[in-house]
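In: After the sequence you'll find the predicted model.
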There are 2 protein chains.
Amino acid sequence: MARDPQLIYGIDDRPPRWETVVLGFQHYLTMFGSTVAIPLLLAEHLGIGDDRLALAKLIGTMFFVSGITTLLQTTYGNRLPIVQGGTFSFLAATIAICGMAGLRDAGFEVRITHVQGAVIAGALAQIVIGYSGLVGRLMRFVGPITIAPTIALIGLALFEFGAPVAGTHWGLGGLTIALIILFSQYLRHRSRFFQMFPVLLAITLAWGTAAALTATGTFPPGHPGHVDTSILATSPWVHVPTPFQWGWPVFTASAVVGMLAGYVASMIESIGDYYACARLAGAPPPDPSTVNRGIGMEGVGCLIAGVIGTGNGTTSYSENIGAIALTRVGSRRVVQAGAVLMIGFGAIAKFGALFTTIPQPIVGGMYCAMFGMIAAVGLSNLQLVDLSSPRNLFILGFSFFMGLSVPQYFRAHELALVASYTESVGPPSPWLAALLQVTSDVLGTIGKTGMAVAAILAIFLDNTIPGTLEERGLATPEARA
Amino acid sequence: MARDPQLIYGIDDRPPRWETVVLGFQHYLTMFGSTVAIPLLLAEHLGIGDDRLALAKLIGTMFFVSGITTLLQTTYGNRLPIVQGGTFSFLAATIAICGMAGLRDAGFEVRITHVQGAVIAGALAQIVIGYSGLVGRLMRFVGPITIAPTIALIGLALFEFGAPVAGTHWGLGGLTIALIILFSQYLRHRSRFFQMFPVLLAITLAWGTAAALTATGTFPPGHPGHVDTSILATSPWVHVPTPFQWGWPVFTASAVVGMLAGYVASMIESIGDYYACARLAGAPPPDPSTVNRGIGMEGVGCLIAGVIGTGNGTTSYSENIGAIALTRVGSRRVVQAGAVLMIGFGAIAKFGALFTTIPQPIVGGMYCAMFGMIAAVGLSNLQLVDLSSPRNLFILGFSFFMGLSVPQYFRAHELALVASYTESVGPPSPWLAALLQVTSDVLGTIGKTGMAVAAILAIFLDNTIPGTLEERGLATPEARA
């Protein structure tokens, strides 16, 4: 694959030191929204309640573990410039575990150690799947017709977090969007500075505006644009997360199996991310061995997350691939600098607390610009596919549509095979009940994950409906990314 | 544009008589779901209540008017093989009109005549916009980067009507999907019959299965797969809709302006449909004059709908473009045959009633196969665009993402500028209040229409962010469709 002439720094390039740090900091800011969102989303289910100290510790732990796993992935894993962080694909299983009969009245520490057990068990499975080479061997069934809707849906499926979050205050959200577009599109030829730091510049300006309006009293407490700095006074200076900080992990079969569905979704998404990241960073398309090492190392990352206790796992971050697309800086060294900052800021509790003061609408504005870029990167795989072939159009369109439509169904209808069986046949035996519950959990989690639905349908149809290799975009090895 | 060798019948081809009728009948079946859905959706808002006779009349009127306007469009309008039928883009405005203060306690006839007034006034505006050539002159700003996400979203935005409707009974919905895929993809080379009638065959088989299971008592009344034939006995034989059948239309300013936003959305969608339809039917890309005549004739169609009283307007049907894509029959004559069937079945009340017995999950299964095809046809416009250009990727991805994300915001937040103004400044003057209300209505309706959002953003960005004509896919006239 020829190097993209539009790229400022490629995967092996090492920008000057100050640029490396500032660009790494931009990656930190980019992953910030999702990384903070996951503990905030889980807080209620984990039973943290009003214990803001525990929540702050959990947030710090997320960053700390993200930094460690990013360093491991970029140095010993797939070596792509890909940030590792908490994963939304574990949320459904985690919430289900916290709602299990035995944990309903349990406190935070009991619940999170059950989640940790499930994450650790799943991580061991992922390590085996990755390092045994199983994932790589399955990759020859994955062509651009599968990759395009799968990657596109990683971005598009987040549509609930774009305009609705930016729209908590359209003034700030719109300002953030307008500034990102202004810097990254209209002014990019004017200055290298605009080209490389559009997101950082836009967030800083919008955040400064919000802080000024908070100071003048225009944004009072409770206003979505209010910059609440009170947490800075109450937060401790340092907190270094340690293994088993919440207690010893607890392993239960049902928790483990539910979590495995989350792992399947996470792996499919990660492989899509590898393709997008390699393409944008000017690296060759990931070969099976790169994918094996990447997935294996994600398993190691999840193991660390489970042992230290983030209440979550780790996966590759699409958001940061969006940042590479916008800045056209694909340097591995930059991402490693970002990882060091994550470890540092994860341990310096006051520093992390500072960034929790970015108002939500600004975070939403950033999402709008970035998630769309992921979608477009996915769609760019179509350049290599014959789009006048009705078979290709059907596979592409059907998997794309179902990737949006099927999660809509599963969000409204919790799959309950045990209840259905009891209703139509009678009470199942304990073994059958366990089997039905596992099937419900796995199907439900996959069904709620749009890109998993699209990937499964596209892989099946693309490999069974008759079509030539040329038609499918598989004629040349280069065509596979 | 070279004729697609995969096309069985092109736009000017005339298939043998029996094929024409059966293929036309397939178009009738294809438009059936949406055409029935609109009056069913509106029934509650229009205050029809339990008056099933009025509802049946309304459904028959929808088909009758669709047939007339389809004949006009295919013969004197843009002459594309494009079915005209009720439009979802008017729903928001219609529901708002029915909820207006003065109509809250009014009966069905009062409410629908207010809606008719708004539809008629808007239709006159659309006729002027179309036949004055205004639409055509604006088209040089519309390139493939705009057309791709706009058409794709026509299909994708319907994601709530795919799996959730098919999933009211996955056995039937899944059977329908599997049969359509089997006939249109796996068996298409085996027989011309499978290739041309995959939808009709699949629906008939699934419907027959449902009827058999209803007869054996497996699908009791209330079951989503139940085939309820009782309406056949109570329905009259014939009902020919006549102008002003519900009374004289009533014109009010606020109703008219709210409806205009629906017209804007409908026109953008229709232009996208013309491109998709021309591409699939092997016709040249629509030139400005074709678009002008098409939009002007849609205005005439809406005028007829307003005068006869469907409680709705007419627009081009994406569903039927999906049928052309699946069957590869793009003959105008076939669509005209379908139009004659619509007029006939619209007047023969018992016949229309028969098709209301198709269980919902079967309709949903058909949606899943077809809406995805529309999305893919939209995406196929990307073949001509440089997808390694960061500017193109940003415009494409951002408009695509916002086309899904912004409606999500507007569905949760009704825009109420009058209330906001009153809260922050004080009660507005009557004129300002009217202006604010109009702005709320227009922005709210556009904001809920994903493809309008995507089209507006893409047109603006594609025409302002620097880029060469080659890069934008506008270098050759052929590239514009």
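Out: Okay, I see it.

In: ok, the residue most central in space within chain A to chain B distance?
Out: Residue closest to the mean C-alpha point of chain A, counted by C-alpha atoms, centre = their mean, is A:Tyr317 at 4.3 Å. Taking C-beta to the nearest C-beta, to the nearest Å as the measure, A:Tyr317 falls 17 Å from chain B. C-beta coordinates here come from the backbone N, C-alpha and C atoms, glycine included.

In: ok, that residue touching A:Met31?
Out: Yes. Look at A:Tyr317 against A:Met31 with C-beta atoms under 8 Å: they come within range, at 5.3 Å.

In: residues shared between the contacts of the two?
Out: Taking C-beta atoms under 8 Å, 6 or more residues apart in numbering or on different chains as the criterion, A:Tyr317 and A:Met31 both touch A:Val83, A:Gly85.

In: Could you count how many residues lie near A:His169?
Out: 22 (other C-beta atoms under 10 Å in any protein chain shown).

In: Cross-check the contact I'm expecting between it and A:Gly365.
Out: No. A:His169 lies out of contact with A:Gly365 (C-beta under 8 Å); the separation is 9.7 Å.

In: which one is the residue nearest to the centre of chain A nearest to, not counting chain neighbours?
Out: Nearest residue to A:Tyr317 in three dimensions, chain neighbours excluded: A:Val83, at 4.3 Å (C-beta to C-beta, 6 or more residues apart in numbering or on different chains).

In: and the one you found, what does it touch?
Out: Contacts of A:Val83 were listed using C-beta under 8 Å, 6+ apart, and they are A:His27, A:Thr30, A:Met31, A:Ser66, A:Thr70, A:Ser316, A:Tyr317, A:Glu319, A:Asn320, A:Val335, A:Gly338, A:Ala339.

In: Any regions of chain A where pLDDT drops low?
Out: A:1-5, A:50, A:52, A:101, A:352, A:476-481 (pLDDT under 70).

In: just how off-centre is the helix or strand A:Leu461 falls within within its chain?
Out: Element membership of A:Leu461, judged by DSSP states H and E, is helix A:450-464. Distance, stretch centre to chain centre, for helix A:450-464: 20 Å (C-alpha atoms, centre = their mean, to the nearest Å).

In: which outside residues touch whichever helix or strand comes after that helix?
Out: Using DSSP H and E, the next helix or strand after helix A:450-464 towards the C-terminus is helix A:469-472. With C-beta under 8 Å, 6+ apart as the test, helix A:469-472 has contacts from A:Gly143, A:Pro144, A:Ile145, A:Val385, A:Asp386, A:Ser389, A:Arg391, A:Asn392, A:Asp462, A:Ala475.

In: how does it look with 6 Å?
Out: Outside helix A:469-472, the residues that touch it by C-beta atoms under 6 Å, 6 or more residues apart in numbering or on different chains are A:Gly143, A:Asp386, A:Ser389, A:Ala475.

In: Neighbour-wise, give me the winner out of those.
Out: Neighbour-wise, the contacts of helix A:469-472 (other C-beta under 10 Å) top out at A:Gly143, 25 neighbours.

In: ok so, going back, which one of the contacts of A:Val83 is nearest to chain B?
Out: Among these, A:Glu319 lies closest to chain B (C-beta to the nearest C-beta), at 12.9 Å.

In: List the contacts of the closest one.
Out: Contact partners of A:Glu319, counting by C-beta under 6 Å, 6+ apart, are A:Thr30, A:Met31, A:Ser34, A:Met370.

In: and the gap between it and B:Ser270?
Out: As judged by C-beta to C-beta, to the nearest Å, A:Glu319 and B:Ser270 stand 36 Å apart.

In: again, but for A:His45
Out: Taking C-beta to C-beta, one finds A:His45 at 46 Å from B:Ser270.

In: ok, now A:Pro390?
Out: Distance from A:Pro390 to B:Ser270, by C-beta to C-beta: 24 Å.

In: about what we covered before: and the contacts of A:Val83 as a markdown table, adding distance to A:Thr422 and secondary structure?
Out: Shown next, in a markdown table, are the contacts of A:Val83 (distance: C-beta to C-beta, whole Å; DSSP: H, G, I helix; E, B strand; the rest coil):
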| residue | distance to A:Thr422 | secondary structure |
| --- | --- | --- |
| A:His27 | 50 | helix |
| A:Thr30 | 47 | helix |
| A:Met31 | 44 | helix |
| A:Ser66 | 43 | helix |
| A:Thr70 | 46 | helix |
| A:Ser316 | 40 | strand |
| A:Tyr317 | 42 | coil |
| A:Glu319 | 43 | helix |
| A:Asn320 | 46 | helix |
| A:Val335 | 51 | helix |
| A:Gly338 | 51 | helix |
| A:Ala339 | 50 | helix |
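
In: Which members of these are the farthest-apart pair?
Out: Within the contacts of A:Val83, A:Glu319 and A:Ala339 form the most distant pair, 14.8 Å apart (C-beta to C-beta).

In: Hmm, B:Phe371 and A:Phe398 touching each other?
Out: No. A:Phe398 lies out of contact with B:Phe371 (C-beta atoms under 6 Å); the separation is 9.1 Å.

In: isn't A:Ile343 right next to A:Gly67, touching?
Out: Yes. Contact criterion C-beta under 6 Å: A:Ile343 and A:Gly67 qualify, at 3.5 Å.

In: Which one's more surrounded, these two?
Out: Neighbour comparison, A:Ile343 and A:Gly67: the larger count goes to A:Gly67, with 25 against 18 (by other C-beta under 10 Å).

In: How about the secondary structure of that one?
Out: Secondary structure assignment for A:Gly67 (DSSP: H, G, I helix; E, B strand; the rest coil): helix.

In: what sits against it?
Out: A:Ala339, A:Met342, A:Ile343.

In: Roughly how far does it sit from chain B?
Out: 28 Å.

In: Next to chain B, which bits of chain A? Give me the list.
Out: Within chain A, the residues that sit near chain B (C-beta under 6 Å from any C-beta of the partner chain) are A:6, A:156, A:159-160, A:162-164, A:167, A:185, A:371-373, A:375-376, A:380, A:382-383, A:387, A:390, A:393-394, A:396-398, A:400-401, A:404-406, A:408-409, A:465.

In: Out of those residues, which sit inside strands?
Out: Judged by DSSP state E, strands contain none of the residues of chain A next to chain B.

In: Just the buried residues of these.
Out: Buried members of those, scored by 16 or more other C-beta atoms under 10 Å in any protein chain shown, are A:156, A:159, A:162-164, A:167, A:185, A:371-373, A:375-376, A:380, A:382-383, A:387, A:390, A:393-394, A:396-398, A:400-401, A:404-406, A:408-409, A:465.

In: picking that back up, kindly reformat the contacts of A:Val83 as TSV containing distance to B:Arg279.
Out: Listed next are the contacts of A:Val83 as TSV, based on distance: C-beta to C-beta, whole Å:
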residue	distance to B:Arg279
A:His27	41
A:Thr30	38
A:Met31	41
A:Ser66	46
A:Thr70	45
A:Ser316	37
A:Tyr317	37
A:Glu319	35
A:Asn320	37
A:Val335	42
A:Gly338	45
A:Ala339	47
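
In: Okay then, goodbye and thanks.
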